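Participant: with the input below, show me the fold.
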Amino acid sequence: MALIRRFAVFVLALAVFCPGSFGRSAPSTVTGSEDSSSTGTLQIDEKDSSKAHRYVKSIKVGKIRRSYVVNVPAGYGAKPAPVVLVLHGALGSTFTVSWDTRMTEKANKQGFIVVYPRGIGIAKTLGTWNAGDCCGLAKLKNIDDIAFLKSLLKQIRSDYNVDADRIYIAGASNGGMMAYRAAIELSDQIAAIATASGTMMTSAKIPGDPVSVLAFHGTKDRVVPYDGGTGGLPFWKIEGTKVADNVKYWVERDGCSNKVVREVVGNYIKETYCHGSNGTEVCVYTVKNGKHNWPGGRASILRNDPEMSKVDATDIICKFFLAHPKVRSGAASSK
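Facilitator: This is a model prediction of the structure:
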């Protein structure tokens, strides 16, 4: 019975804490190869560029070899491509987040490169990110995930024809927490971030470039509570900040207008703070009665979250990203 209870708790953790944990899929249109290293520049001839390609790669960061998946869209190489990094939630993987968000399918249609980095976990799964005060094995081992993302971005720019002003990060749950940290500590490289059911778990409030921010939250999220405070799971507690406090921080950091543009659409409220430095914006979607899911993701349907299922976060994120390139000016400071 004890073993059964442990297994039930484990399944509950996957079901609640990491969106997309119960699926694994690679788009049928994607072909490619696996590579144990990530050195040199990827070459794709004209024949190959008619198809999308998927690559599994790795780089060494300090003493740890970190892996990631890259999807290159059809037509790559004609001009510099935008890049979107998608960070899985705690206990998730590159496969679960790609399956849940359908970001690869969107990338293939819109012509951007999507990268799925893998967090620190067990047997290449159950990964977590060290977002500051959270989470899991990555936090316990004090893994330098900022160094990983910094090295990864450098490698991606070396391997591919990348638009350096259109580099973005999207994250689910713990991945969203990591996206916030990256927006602060890698602000000289990131144009915009998007988070779904994530919160700020870092105290590194250092100066830097303005970064546009898009966030999605459900008012009935018990893992990352909308009003902050204690969340997480029975065996894994977190103390998150209020959504309002996260918004206030980024509105002030980006120099946005305090006058909010509020829209009520169906079951959610969209609040936008405009006119930030270098064209940045801060936008938050609050889903009434929404839970801890990627809005519109496959997992929100499987776990019977009808409110989150009504919002297509992936589509909204892609439109937001492509509308907010990095605008560099002498007035913006960088690390």
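
Participant: Ser300: neighbouring residues, count only.
Facilitator: 28 (other CB atoms under 10 Å). Yep, even glycine has a C-beta here, placed from its N, CA and C like the rest.

Participant: what about it, helix or strand, and which?
Facilitator: Per DSSP states H and E: Ser300 is located in helix 298-302.

Participant: now do the buried residues in that helix.
Facilitator: In terms of neighbour count (16 or more other CB atoms under 10 Å), helix 298-302 has its buried residues at Arg298, Ala299, Ser300, Leu302.

Participant: I'd like these as CSV, with distance to Ala52 and pLDDT appended.
Facilitator: Shown next, in CSV, are the buried residues of helix 298-302 (distance: CB to CB, whole Å; pLDDT from 0 to 100):
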residue, distance to Ala52, pLDDT
Arg298, 20, 95
Ala299, 23, 92
Ser300, 25, 88
Leu302, 26, 82
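
Participant: all helices of the stretch 1-150 of the chain, in order?
Facilitator: Taking DSSP state H, counting those that start in this stretch, the helices of the stretch 1-150 of the chain run over residues 2-17, 94-101, 103-110, 136-140, 145-159.

Participant: same thing with the stretch 201-335 of the chain?
Facilitator: Using DSSP H, counting those that start in this stretch, the helices of the stretch 201-335 of the chain run over 243-254, 298-302, 306-309, 313-322.

Participant: any chance of those helices in CSV, plus distance to Ile184?
Facilitator: CSV is the format used below for the helices of the stretch 201-335 of the chain (distance: least, CB to CB, whole Å):
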stretch, distance to Ile184
helix 243-254, 8
helix 298-302, 28
helix 306-309, 27
helix 313-322, 18
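
Participant: which of these has the lowest mean pLDDT?
Facilitator: Of all those, the minimum mean pLDDT falls on helix 298-302 (a mean of 88).

Participant: for it, name the packing helices and strands.
Facilitator: Applying 3 or more CB pairs under 8 Å, 6 or more residues apart in numbering; DSSP states H and E, one finds that helix 298-302 contacts helix 94-101, helix 306-309.

Participant: looking at those, which is buried most?
Facilitator: helix 94-101 (a mean of 26; mean count of other CB atoms under 10 Å).

Participant: can you name the residues in contact with stretch 220-229?
Facilitator: 16-17, 173, 197-199, 217-219, 231-233, 238-243, 245, 286, 289-292 (CB atoms under 8 Å, 6 or more residues apart in numbering).

Participant: got it, and stretch 257-271?
Facilitator: So stretch 257-271 is contacted by 247, 251, 272-276, 283-290, 307, 310-311 (CB under 8 Å, 6+ apart).

Participant: quick one, what contacts the nearest residue to Tyr249 once chain neighbours are set aside?
Facilitator: Distances taken as CB to CB, 6 or more residues apart in numbering place Met200 nearest to Tyr249, at 7.0 Å, with adjacent residues excluded. Shown in contact with Met200 (CB under 8 Å, 6+ apart): Gly132, Met177, Tyr180, Arg181, Gly240, Thr241, Asp245, Asn246, Tyr249.

Participant: most widely separated two among those residues?
Facilitator: Arg181 and Asp245 (15.6 Å; CB to CB).

Participant: rewinding a little: whichever of the contacts of stretch 220-229 end up buried, select them in PyMOL.
Facilitator: To isolate the buried ones among these in PyMOL, judged by 16+ other CB under 10 Å, type:
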select buried, resi 16+17+173+197+198+199+217+218+219+231+232+233+238+240+241+243+286+290+291+292
